[in-house]
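In: Coordinates for the following, if possible.
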Amino acid sequence: MLKQRLFPVVLFMAAGFLTSGCASILLKESRSFKTTRLFERICTKEEEDQFPNKFARPVKDQKGKVSLQCRVSDIEGMVQKFLSIPESNEKKGILGASVEEVRQKGFKIYLDEQTGERVPNTQALFGDEALAAIGMGAGSAQLTEDAKALSDFKGLHYGETYEEEDTLQVIDRICINTRNKFVRSNTYTFVIVWRDGHVLRRVIKGGSLNNPSSENAFLLCPGDAIGSVFDKGVGEGVKKAIP
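Out: Numbering: from 1, shown residues only. Take a look at the predicted model:
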């Protein structure tokens with residue numbers, strides 16, 4: 001009896017959604033973060049309202065008093081500092097920045113070198129790995145003399161990578177005639193390679209993404225949901241019936 005009473009209500013709601021072309025009933029939002037925390041800035045009012053207390057950091061003022069402050073990765077500032085690092089230029093007789101000069105720019109892989117505490121999301125690269133990170137290869141050598149020279153050459157190269165990522169994805173969980181998806185991301189990998197103690201190359205990989213997408217079809221998502229209830233054959237049949 002209860003099912004019979006509810007059926008007209010459910011049917012009326014379904015008909016309303018179909019005729020109105022409702023985009024979605026429920027949204028799923030996910031965020032993924034990866035940061036070195038070497039370059040941070042104070043949150044804007046919008047960021048602080050959007051993520052209350054999520055990015056709170058203990059910060060000391062000039063008097064030593066500790067208080068929580070919302071801070072996020074400063075990608076723009078990090079890019080500007082990175083691009084200010086001089087590279088070597090043999091033709092012009094320019095030596096790239098030394099390791100110490102790069103450290104002064106704020107790039108480092110150890111929070112404390114004495115204890116070995118590492119900066120998160122950083123990596124040290126040696127020899128072939130360092131060369132490959134900037135798209136260079138040292139080749140191979142067959143003769144003993146050549147192999148030793150190649151090994152010595154590779155040994156001159158050392159590199160570091162720094163990863164920063166902030167990705168937001170929003171998708172429809174239950175959709176009627178339209179399935180929407182939105183992805184916004186800042187995904188950067190900063191690579192620095194030294195040769196014989198001076199910066200040979202610095203490379204920024206990745207970038208920003210702002211990608212909304214939409215699919216339109218009659219009963220787009222309910223078809224998938226209905227199909228999953230039955231066996232595979234019926235499910236495939238439902239999907240094929242939907243444009």
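In: Could you list everything the residue sitting nearest the centre point of the chain pairs with in the sheet?
Out: In the chain, the C-alpha nearest the mean C-alpha coordinate belongs to residue 165, at 2.9 Å (CA atoms, centre = their mean). Residue 165 has these beta-bridge partners by DSSP bridges: residue 34, residue 187.
In: same thing with residue 67?
Out: In beta-bridge terms (that is, DSSP bridges), residue 67 pairs with residue 59.
In: Which secondary structure element of the protein has the lowest mean pLDDT?
Out: None of the helices or strands of the chain scores lower by mean pLDDT, DSSP states H and E than helix 232-241, at a mean of 35.
In: element containing residue 136, please.
Out: Under DSSP states H and E, no helix or strand contains residue 136.
In: How about the contacts made by it?
Out: Residues in contact with residue 136 (CB atoms under 8 Å, 6 or more residues apart in numbering) are residue 201. Quick note: C-beta positions are derived from backbone N, CA and C, even for glycine.
In: repeat for residue 130
Out: Residue 130 makes contact with 157-159, 193 under the criterion CB under 8 Å, 6+ apart.
In: Please, a PyMOL command that selects the buried ones among those?
Out: A single PyMOL command is used to select the members of the contacts of residue 130 judged buried by 16 or more other CB atoms under 10 Å:
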select buried, resi 157+158+159+193
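In: wait, which of the contacts of residue 130 is closest to residue 114?
Out: Nearest to residue 114 among those is residue 158, at 20.0 Å by CB to CB.
In: separation between the nearest residue to residue 201 once chain neighbours are set aside and residue 73?
Out: Among residues not flanking residue 201 along the chain, residue 134 sits closest, at 4.4 Å (CB to CB, 6 or more residues apart in numbering). To residue 73, residue 134 is 23 Å away according to CB to CB, to the nearest Å.
In: the more surrounded of these two?
Out: It is residue 73, of residue 134 and residue 73, that has more neighbours when counted by other CB atoms under 10 Å, with 22 against 17.
In: So in terms of bridging, what pairs with that one?
Out: residue 40.
In: I figured it hits residue 40, correct?
Out: Yes: in this structure, residue 73 is within contact of residue 40 by CB atoms under 8 Å, at 6.2 Å.
In: Would you state the strands of the chain in chain order?
Out: For the chain, the strands defined by DSSP state E occupy 26-34, 40-42, 56-60, 66-73, 110-112, 117-118, 122-126, 157-174, 178-195, 198-216.
In: so what does the second one touch, helix or strand wise?
Out: What it means is strand 40-42. strand 66-73 (3 or more CB pairs under 8 Å, 6 or more residues apart in numbering; DSSP states H and E).
In: now the strand it packs on: how far from the chain's centre is it?
Out: The chain centroid and the centroid of strand 66-73 are separated by 21 Å under CA atoms, centre = their mean, to the nearest Å.
In: again with stretch 193-211
Out: Taking CA atoms, centre = their mean, the mean C-alpha location of stretch 193-211 is offset from the chain mean by 16 Å.
In: Same check on stretch 109-124?
Out: The answer for stretch 109-124 is 20 Å, by CA atoms, centre = their mean.
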